[in-house]
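Show me the folded form of this:
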Amino acid sequence: MSIILQHIGAWLVATGIAILTIFSDKIVARIKLHVNRADLRTKYFEELAVDLSTYIFWVEVFHERYQRGWATDPEDMGSIGGEINGAVTTLRKKEYVYRAWVRKYWRSNEAHLVVRVLASVKAVDDAVHDLNNDPGDEAEKTVRLGRQLQLLRKHADELLTQ
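Prediction:
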């Protein structure tokens, strides 16, 4: 009886090893997929954070110039406007790329945060255009830009602290 039990034990061990060998490729592939997904999630998150931070920074500089009455130097304002335009162009051109990243690499509950941030970016951009393109009512437009900027900061913080 003990010889039979030894053979059965050896057979079970061999069968277990064979099964693990068969599925090891799948196990290793699944582990690699999760590691790669985590790496890409971090990479894309950082890219979005840098793009968003750049835009918010330049809009803050623009807003400050109007708030303090320093918006009288056309060269300075043109330079700041160019930076804002470059930053918002980056964000708006990548909008659907960001959305795809969220769906593919992030948890599903984060998707609405990206959509909300991008809507805030658009609202801030509209407020910047109002100040830039339509003369008059600068004080009221500056206040509106400040409110939109504050909302964008809030939405960006909610997204970036997830």
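
Quick check: which element contains residue 65?
helix 2-67 (DSSP states H and E).

For the helix or strand following that helix, give me every contacting residue.
For helix 2-67, the following helix or strand on the C-terminal side (DSSP H and E) is helix 74-93. Contact with helix 74-93 is made by 51-52, 54-55, 58-59, 61-62, 65, 70-71, 118, 121-122, 125, 128, 132, as judged by CB atoms under 8 Å, 6 or more residues apart in numbering. Any C-beta I mention is one placed from the backbone N, CA and C, and that applies to glycine too.

Just the buried residues from the residues you listed, in ChimeraX please.
The buried residues among the contacts of helix 74-93 can be selected in ChimeraX (16 or more other CB atoms under 10 Å) with this line:
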select :51,52,54,55,58,59,62,65,71,118,121,122,125,128
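
ok, for the residue positioned nearest the centre of the chain, nearest residue in space, not its chain neighbours?
In the chain, the residue lying closest to the centroid (CA atoms, centre = their mean) is residue 48, at 3.7 Å. What sits nearest to residue 48 in space, not counting adjacent residues and going by CB to CB, 6 or more residues apart in numbering, is residue 98, at 5.7 Å.

if I look at the one you found, how far off is residue 72?
Using CB to CB, to the nearest Å, one obtains 36 Å as the distance from residue 98 to residue 72.

These two: who's more crowded?
In this comparison of residue 98 against residue 72, neighbours counted by other CB atoms under 10 Å, the higher total goes to residue 98 at 19 against 8.

Lowest-scoring secondary structure element of this structure by mean pLDDT?
Taking mean pLDDT, DSSP states H and E as the measure, helix 2-67 is the helix or strand of the chain with the lowest mean score, a mean of 77.

burial measure for the residue nearest to residue 49 when sequence neighbours are not counted, as a count.
Counting by CB to CB, 6+ apart, the nearest residue to residue 49 once its immediate chain neighbours are dropped is residue 160, at 5.6 Å. The burial count assigned to residue 160 is 14, neighbours taken as other CB under 10 Å.

State the distance from residue 160 to residue 113.
Per CB to CB, residue 160 is found 9 Å from residue 113.
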